[in-house]
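Peer 1: with the sequence up front, the predicted model follows.
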Amino acid sequence: MCADLAGLDGKGDQRITADAKAIAYELDPHAVVDRAVRADTERSVWVRPAPDAMTYVTALLPMTQGVAVYATLRREADTCGDGRSRGQVMADTLVERVTGRPARHVW
């Protein structure tokens, strides 16, 4: 792929990554499939501090589950209409659904 560096001109990181994955699949399709199957076992959740007494909660989920979580939170936010921003409603809904308690917010 990099034997001719001119072939990389104008390609961004995503395109180069996609090209590399295509080459990997051509060379060893079983390894690519095995990696995708193993990826599901690496699902997890992390928390790290953020400024102003906040935290970042990050979840690594299989694609279908991650998209379903985001779509559910967004749908709830898009139908709320109580003056909070979409992000605020999504965050409050996440807290309420995970903890089973109302999110405490001041607005």
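Peer 2: Alright, I've got the coordinates. As the structure is a computational prediction, the values presented were derived from the model and not from experiment.
Peer 1: can you tell me the SS state at residue 46?
Peer 2: strand (DSSP: H, G, I helix; E, B strand; the rest coil).
Peer 1: which residue packs closest to it, ignoring adjacent ones?
Peer 2: residue 58 (4.9 Å; Cβ to Cβ, 6 or more residues apart in numbering). Placement of C-beta: from N, CA and C, glycine included.
Peer 1: contact partners for the one you found?
Peer 2: Residue 58 sits next to 45-48 when contact means Cβ atoms under 8 Å, 6 or more residues apart in numbering.
Peer 1: those: which two are farthest apart?
Peer 2: Using Cβ to Cβ, the pair of the contacts of residue 58 lying farthest apart is 45 and 48, separated by 11.2 Å.
Peer 1: how close does residue 50 get to residue 56?
Peer 2: For residue 50, the distance to residue 56 equals 5 Å [Cβ to Cβ, to the nearest Å].
Peer 1: tell me what the host helix or strand of residue 73 is packed against?
Peer 2: Here residue 73 is covered by helix 63-78, with elements defined by DSSP states H and E. Counting contacts by 3 or more Cβ pairs under 8 Å, 6 or more residues apart in numbering; DSSP states H and E, helix 63-78 is packed against helix 86-99.
Peer 1: go with 10 Å
Peer 2: Here helix 63-78 touches strand 54-60, helix 86-99, going by 3 or more Cβ pairs under 10 Å, 6 or more residues apart in numbering; DSSP states H and E.
Peer 1: so which residues make contact with that helix?
Peer 2: With contacts defined as Cβ atoms under 10 Å, 6 or more residues apart in numbering, helix 63-78 is touched by 39-40, 43, 59-62, 84-94, 96-97.
Peer 1: and it, which residues are buried?
Peer 2: Residues of helix 63-78 classed as buried: 73, 76-77 (neighbour count, 16 or more other Cβ atoms under 10 Å).
Peer 1: give me the pLDDT for residue 33.
Peer 2: Note on residue 33: pLDDT of 89.
Peer 1: roughly how far does it sit from residue 60?
Peer 2: In terms of Cβ to Cβ, residue 33 sits 20 Å off from residue 60.
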